[in-house]
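1. coords please:
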Amino acid sequence: MSWKSFVRNPAFTQNLATSIMMGFLAIYFGVIFIALGAAAPRAITEMLPDVDAPLYFGRYFLYFIIYTFLTRLIFQNFGFKDLKQYILQKIPKSSLLHYILIKSAANWINIMSILGVAAYLVSASYTDNYDMNMLNHGLVLIGLIYASNYKAFLFDKQLAINKVMTGSIIVGVLLINYLDFKNYIPLGDILEMIYAFLVMNLGTALLPFIGSAACYFLTYKTLNQVAYLEDSNSSDKSISDINIGNGLFSRFGKTGKMMEMELKLILRNKRSRNMLFIMPLMAVYPIIIHGQDNNMDSMGMMMFVAIFCTGGYAITYGQLLLSWNSGHFDLLLTKMTSIKEIFQAKYFLQCVIIICQTLPMVLWGFFKTEYFYLMPTMMFYNLGVVLFLYMLTASYNSKRVDTNKGAAMNYEGFSLALFLIIIPIMAIPMILYYCAYALGQPLLGIFLIGLIGLVGFVFHDKLIDVSVALFKKNKYKIGTAFRNK
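-> Numbers count the residues shown, from 1 in each chain. Presented below is the predicted three-dimensional model:
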């Protein structure tokens, strides 16, 4: 039924460009996961001949499970809104809960992970001096993926209510990882010992699957007690509004629909569409900077590169955050939605772009090792700091733009404030890093940059409220600027 709903929906054919783009991204990242999994056995045996290669892989796979668990808590759609279309049908609540739990097995995180694991197992079987029990290792690896999936379900309901707990868990994991990186605690060795125990025999290899099944039924029991089909933020809407479309982002409610509208605006208008060429430029930006002069290899320059590689398009588009909608802004405010939903849609769409732009950029770590941690750090900095700086600027002063004009030599909508905002964007990470460097702990500065961004991202709703409050104070001035042609 879900598949029929997807292919029959007009959005599937009307937004053909979007569907093709998302299909391309799925194939692209699927190939990356397969390539990494296939390359791992040979890379480990050649680069680290003295280690137990399968256990060494298992150590970092457990790191991967920890971070995908955090990713699930932040980004995974747990399907509660999908239940709305069944609210008037005679379907038992228990069947619906089993449906969303089973459906989550095909989540994109699981699919990508399993593709990587399958490629790893096949490659390991053809790699010399890579001795391991394929059955035991395969059971452990796949079992850990689904244990993480259902454990995330178990955490989601409470963490959605208590964001402080969410932030504490994320910060705690990052702190433990930092202490491990600095060799204060032997986390990697502990994870390797855990993995060695799990693959020891068939009985222990089944433990992750047993844990996965336990999390499944515990999650089902929990949801049966606390989840209701009436749960949603749209309780004030009529019953006719319950059936939500099945577009790219529509599963996320009205904000998701606004995200789809924003994406259409980007693809349909000349100026915003031309700005998309920034993304392939950012993909080769490091080689442009570092390929000519060794003086460009300083940490300050690499931080500068990482900020723009991970958030180049979002920064460029965010400079005119509200101005893109200046031609129809009165309609948005009076007929369609609230200003907070507009800000949320713009923020979450830029988050998606930043994350998709960052994932391939991490591969530049093979060119300069520092990019392995600089790219993720600056991704969080863009998500939790840079986007809100532009949001606050847009709430204070926005000007009208003509979206059908080209971007070349077009400064319509820009103001001095949009150029000056670059100063704090660059200054904040530089100050944090060099202060920590002066104390003899340069990596602590990188950690603090990412931590500040992560805190901003976790508490994004509060920061959006601040931007909305500022906009309301200036809405008449901004509205007048939008109406003046």
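
2. CA atoms for contacts and neighbours, from now on please.
-> Will do.

3. Helices of the stretch 151-300 of the chain, start to end?
-> Assigned helices in the stretch 151-300 of the chain, in chain order: 163-181, 187-198, 202-205, 207-226, 253-268, 270-274, 278-283, 285-290, 299-318 (criterion: DSSP state H, counting those that start in this stretch).

4. Using CSV, please lay out those helices together with distance to residue 444.
-> Listed next are those as CSV, based on distance: least, C-alpha to C-alpha, whole Å:
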stretch, distance to residue 444
helix 163-181, 9
helix 187-198, 18
helix 202-205, 38
helix 207-226, 35
helix 253-268, 36
helix 270-274, 38
helix 278-283, 27
helix 285-290, 24
helix 299-318, 14
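
5. tell me the contacts of residue 348?
-> Shown in contact with residue 348 (C-alpha atoms under 8 Å, 6 or more residues apart in numbering): residue 259.

6. and the helices of the stretch 151-300 of the chain, which is most packed in?
-> Counting by mean count of other C-alpha atoms under 10 Å, helix 299-318 has the highest mean neighbour count of those, with a mean of 23.

7. Now do residue 262 against residue 358, distance only.
-> Per C-alpha to C-alpha, to the nearest Å, residue 262 is found 21 Å from residue 358.

8. swap that for residue 57, sorry
-> Relative to residue 358, residue 57 is positioned 24 Å away (C-alpha to C-alpha).

9. Of these two, which one has the most company?
-> Neighbour count, other C-alpha atoms under 10 Å: between residue 57 and residue 358, residue 358 has more, with 21 against 17.

10. Out of the helices of the stretch 151-300 of the chain, which gets nearest to residue 127?
-> The closest of those to residue 127 is helix 187-198. By C-alpha to C-alpha, the value is 20.0 Å.

11. Could you list every helix and strand that the closest one packs against?
-> Helix 187-198 sits against helix 53-75, helix 163-181, helix 202-205, with contacts defined as 3 or more C-alpha pairs under 8 Å, 6 or more residues apart in numbering; DSSP states H and E.

12. Quick test: name the residue nearest the centre of this structure.
-> residue 355 (4.7 Å; C-alpha atoms, centre = their mean).

13. Please give the element, helix or strand, for it.
-> Taking DSSP states H and E as the definition, one finds residue 355 inside helix 339-361.

14. Quick one: name whatever helix or strand follows that helix.
-> Assigned by DSSP H and E, the successor of helix 339-361 is helix 371-381.

15. Can you tell me what sits against that following helix?
-> 302-303, 306-307, 309-311, 354-355, 358, 361-366, 446-447, 449-454, 457.

16. care to break this protein down by domain?
-> Following automatic domain parsing, one gets these domains for the chain: 2-234, 250-483.

17. most tightly surrounded among these?
-> Across these, averaging neighbours per residue (mean count of other C-alpha under 10 Å) puts domain 250-483 on top, at a mean of 18.

18. for the record, mean pLDDT for it?
-> Mean pLDDT, domain 250-483: 78.

19. Figure out how far that domain is from the centre of its chain.
-> Remark: domain 250-483 is offset 14 Å from the chain centroid, using C-alpha atoms, centre = their mean, to the nearest Å.

20. Stretch 181-196 too?
-> Using C-alpha atoms, centre = their mean, the offset of stretch 181-196 from its chain centre is 26 Å.

21. which non-adjacent residue is nearest the residue nearest to the centre of the chain?
-> What sits nearest to residue 355 in space, not counting adjacent residues and going by C-alpha to C-alpha, 6 or more residues apart in numbering, is residue 379, at 7.0 Å.

22. Quick check: the one you found vs residue 94, distance?
-> Distance from residue 379 to residue 94, counting by C-alpha to C-alpha: 40 Å.

23. And for residue 36?
-> 39 Å.

24. again with residue 353
-> 37 Å.

25. again with residue 72
-> To residue 94, residue 72 is 23 Å away according to C-alpha to C-alpha.

26. Residue 204 now?
-> From residue 204 across to residue 94, the span is 31 Å (C-alpha to C-alpha).

27. again with residue 459
-> For residue 459, the distance to residue 94 - C-alpha to C-alpha - is 33 Å.

28. Could you do residue 30 as well?
-> 33 Å.

29. cool, residue 191 as well?
-> Residue 191 is 37 Å from residue 94, by C-alpha to C-alpha.

30. now residue 56
-> Plainly put, residue 56 is 42 Å away from residue 94 if you go by C-alpha to C-alpha.

31. Helix or strand: which one has residue 321?
-> Using DSSP H and E, residue 321 maps to neither a helix nor a strand.

32. Test my guess that it contacts residue 390.
-> Yes: counting by C-alpha atoms under 8 Å, residue 321 does reach residue 390; the two are 7.4 Å apart.

33. Nearest residue to residue 267 in space, please, no chain neighbours.
-> Distance criterion C-alpha to C-alpha, 6+ apart; nearest residue to residue 267, sequence neighbours excluded, is residue 273 at 5.2 Å.

34. Check residue 124 too.
-> residue 41 (5.5 Å).

35. hang on, isn't that neighbour packed against residue 122?
-> No: assessed by C-alpha under 8 Å, residue 41 is found out of contact with residue 122, at 9.8 Å.

36. nearest to residue 109, of the helices of the stretch 151-300 of the chain?
-> The nearest among the helices of the stretch 151-300 of the chain, by C-alpha to C-alpha, is helix 207-226 at 15.7 Å.

37. remind me which residues of the stretch 101-250 of the chain are low pLDDT?
-> Along the stretch 101-250 of the chain, the parts satisfying pLDDT under 70 run over 156-167, 170, 225-250.

38. can you do 50?
-> 161, 229-246 (pLDDT under 50).

39. I'm done for today, thanks for sticking with me.
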